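For reference, the sequence and a predicted model appear below.
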Amino acid sequence: MNMTFNKNEDHNKLLVSSLNHKLKRTHLGGGEKRIEKHHAKGKMTARERIDFLLDDPKKSIEIAAFAGDGMYEEHGGCPSGGVVVKIGYVSEKQCIIVANDATVKAGAWFPITGKKNLRAQEIAIENRLPIIYLVDSAGVYLPMQDEIFPDKEHFGRIFRNNAVMSSMGITQIAAVMGSCVAGGAYLPIMSDEAIIVEKTGSIFLAGSYLVKAAIGESVDNETLGGATTHSEISGVTDYKAKDDKDALTRIKNIMDKMGDFDKAGFSHKKAVKPKEKPEDIYGILPKKRSDQYDAMEIIKRLVDGSEFEEYKAGYGQTLITGYARIDGWAVGIVANQRKIVKTKKGEMQFGGVIYSDSADKATRFIANCNQKKIPLVFLQDVTGFMVGSKSEHGGIIKDGAKMVNAVSNSVVPKFTVIMGNSYGAGNYAMCGKAYDPRLIVAWPSAELAVMGGTQAAKVLAQIETAALEKKGEKVDEEKEKEVFNKIKSRYDEQTSPYYAAARLWTDAIIDPLDTRKWISMGIEAANHAPIKKDFNMGVIQT
């Protein structure tokens, strides 16, 4: 091992250690004291409920653990968006579980809570996955009601999706394990089957205080909308459970009776571990985002047997394209090559930049994968498309548009891993969030932005210093440096993978060694949804 490898390894292992530390803190939700109060009511926490429900908690992936991270601090914060979402197995059936975390503001819905719930439903719809709701929520967080209530992608969209999923035949099961108030009361009742827990579960459009204020009726919450009321009088719920574990066991029993599903038919064989050590990724991936490396060495540590059938190896070399298997699943990989390459014409091309020939190659490869029904995996470490007169005259915009067109119209499931840089239009062409990847994850080394921090800060600093000079202020070298550092610091914070994950621009930040697991579970989920549309790129410039 050389010195550079060791430095890279130390740096990336520290990033993963920091990730694990942040996850551990996030998993506490509203904190240990609120967890104790929750337990005192005879209730399990959201994470305890999910772990009890899953066949094996280790064989699961968590969606958007960092949702809301660093946001809403003036309101006391909202760890994980106040809701825990996992994909895992219940009675050997793959499904997605959504559990309100009542230790965070009594499970109230912040704007990011709504966005995260909608993402969970989107995953269920795209993949036709059964979805289980573990409800324990005080409803909309009223101080921010204007940001969660009336718009198309707000709270009400949840119930619209309930109806759509029901029409699609996607199984929805709800367990009311705490409060289920106002508009939120529709969610369990719009599910296929609903369970309510005695003493702790309640469903009503308006609680006892509001009923008293609105119509003058005095009634306690249990009589108004408790388990006995809804299981024996109103008929709103289907099952009454004596406690959390009883409710969760009933869900397991229901899932156990479910029949099989129509499959998309993606190729799958027995999984084989990579021959090259996956742990080497830590040493290969450079500490500095501007440094070059051979992305093929990363691929060898992600794919089965380290075997990769490269497509058009000698053409468009700043993108690597080819076929492989990941955990037994056949995949087509599109990866940014991060080392400087030399073309047959003797020209040097910069790693991480998409050139016309690279875009042309990727477009053809994506079309091939669609024809062969092979899921696509995008490994991003991209600074953007090549600029300059030579590229413009060569039609870089046209070739880039072809690639974006192919990614947009692809009908096979797409999965995106942001390993490093994800800048500008490169993010789009390599299947960023706007291009509907079934799952999109980032490594701790990722950066998402219009352009790199240093370049952007230089541009913004020039604009700001020019504005100061127009006002008559003297701008010396020290002042220029101060302005630059201030802007750079702010910009770097916004390019952090945690900033992106907090806003659900990615589904998770993961240890690189978990990449195979995420892609495998993602393709297994996608295999629930047969492809019913032909690949068609529409009108393109030739």
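That came through, no problem.

Can you give me the end-to-end span of stretch 262-276?
36 Å (CA to CA, to the nearest Å).

what's in contact with that stretch?
297, 300-306, 325, 327-330, 373-375, 413, 520, 523, 526-531 (CB atoms under 8 Å, 6 or more residues apart in numbering). The way it works is simple: take the backbone N, C-alpha and C, and place the C-beta from them, glycine included.

got it, and stretch 28-36?
Stretch 28-36 has contacts (CB under 8 Å, 6+ apart) with Thr45, Ala46, Arg47, Pro79, Ser80, Asp101, Thr103, Val104, Lys105.

CA atoms of it as PDB?
Only the C-alpha atoms of stretch 28-36 are listed here, as PDB (Å, rounded to 0.1, in the frame of the first residue of the first chain):
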ATOM      1  CA  LEU A  28     -32.600   8.600  19.600                       C
ATOM      2  CA  GLY A  29     -35.300  10.700  18.000                       C
ATOM      3  CA  GLY A  30     -36.600  13.200  20.600                       C
ATOM      4  CA  GLY A  31     -34.000  12.100  23.100                       C
ATOM      5  CA  GLU A  32     -33.600   9.600  26.000                       C
ATOM      6  CA  LYS A  33     -36.000  11.400  28.400                       C
ATOM      7  CA  ARG A  34     -38.800  11.400  25.900                       C
ATOM      8  CA  ILE A  35     -38.100   7.800  25.100                       C
ATOM      9  CA  GLU A  36     -38.500   7.000  28.800                       C
END
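
Buried ones in it, by neighbour count?
For stretch 28-36, a neighbour-count test (16 or more other CB atoms under 10 Å) marks Leu28, Gly29, Gly30, Arg34, Ile35 as buried.

hang on, the third one in a helix?
No - Gly30 is assigned coil when assessed by DSSP: H, G, I helix; E, B strand; the rest coil, not a helix.

which helices and strands sit right next to the longest helix along the chain?
The helix spanning the most residues in the chain, taking DSSP state H as the definition, is helix 3-26. For helix 3-26, the packing partners by 3 or more CB pairs under 8 Å, 6 or more residues apart in numbering; DSSP states H and E come out as helix 281-284.

where does the chain dip in pLDDT?
Along the chain, segments meeting pLDDT under 70 span 1, 183, 393, 453, 456-457, 541-542.

Show the contacting residues for the residue nearest to Lys13 when sequence neighbours are not counted.
Take Lys13 and drop its neighbours on the chain: the residue closest to it by CB to CB, 6 or more residues apart in numbering is Tyr282, 5.5 Å away. Neighbour list for Tyr282: Asn8, Glu9, Asn12, Lys13, Val16, Pro512 [criterion: CB under 8 Å, 6+ apart].

now do Ala120
Counting by CB under 8 Å, 6+ apart, Ala120 has contacts Ile63, Val85, Ile96, Val98, Ile131.

Which of those sits closest to Ser445?
Nearest to Ser445 among the contacts of Ala120, counting by CB to CB, is Ile63 at 20.6 Å.

count of neighbours near that closest one?
Around Ile63 there are 23 other residues, counting by other CB atoms under 10 Å.

what do you get for Pro130?
Using other CB under 10 Å as the criterion, the residues surrounding Pro130 number 22.

Report the separation between it and Ile203.
Pro130 sits at a distance of 22 Å from Ile203 (criterion: CB to CB, to the nearest Å).

for Val377, same thing?
According to CB to CB, Val377 and Ile203 sit 43 Å apart.

okay but Phe378 is in contact with Met419, surely?
No - counting by CB atoms under 8 Å, Met419 is not a contact partner of Phe378; they are 10.1 Å apart.

Report the two of the buried residues of stretch 28-36 separated the most.
The distance between the two most remote of the buried residues of stretch 28-36 (CB to CB) is 8.9 Å, for Leu28 and Arg34.

Contact partners for Met165?
So Met165 contacts Gln121, Ala124, Ile125, Ile131, Gln172 (CB under 8 Å, 6+ apart).

how about a cut-off of 6 Å?
Counting by CB atoms under 6 Å, 6 or more residues apart in numbering, Met165 makes contact with Gln172.

which is the next helix or strand following the host helix or strand of it?
Assigned by DSSP states H and E, Met165 falls within helix 156-168. Tracing the chain past helix 156-168, the next element assigned as helix or strand by DSSP H and E is strand 172-181.

Okay, angle between that following strand and helix 156-168 too, please.
Interaxial angle of strand 172-181 relative to helix 156-168 (axes from the mean of the first three to the mean of the last three CA atoms, to 10 degrees): 150 degrees.

Partner strands of strand 172-181, with direction?
Within its sheet, strand 172-181 is paired with strand 131-137 (parallel), strand 193-197 (parallel), strand 202-204 (parallel), according to DSSP bridges.

Quick check: which element contains Asp246?
helix 244-256.

Who are the packing partners of that helix?
strand 172-181, strand 193-197 (3 or more CB pairs under 6 Å, 6 or more residues apart in numbering; DSSP states H and E).

at 7 Å instead, please
Taking 3 or more CB pairs under 7 Å, 6 or more residues apart in numbering; DSSP states H and E as contact, the helices and strands that helix 244-256 lies on are helix 46-53, strand 83-90, strand 172-181, strand 193-197, strand 239-241.

Tell me what angle the second one forms with strand 131-137.
Translated: strand 83-90. Inter-element angle recorded for strand 83-90 and strand 131-137: 140 degrees (by the same axes, to 10 degrees).

angle of strand 83-90 against helix 3-26?
Using the same axes, to 10 degrees: strand 83-90 against helix 3-26 is 100 degrees.

Strand 83-90 pairs with which strands, parallel or anti?
Partners of strand 83-90 in the sheet, by DSSP bridges, are strand 61-63 (antiparallel), strand 93-100 (antiparallel).

All good on my end, thank you.
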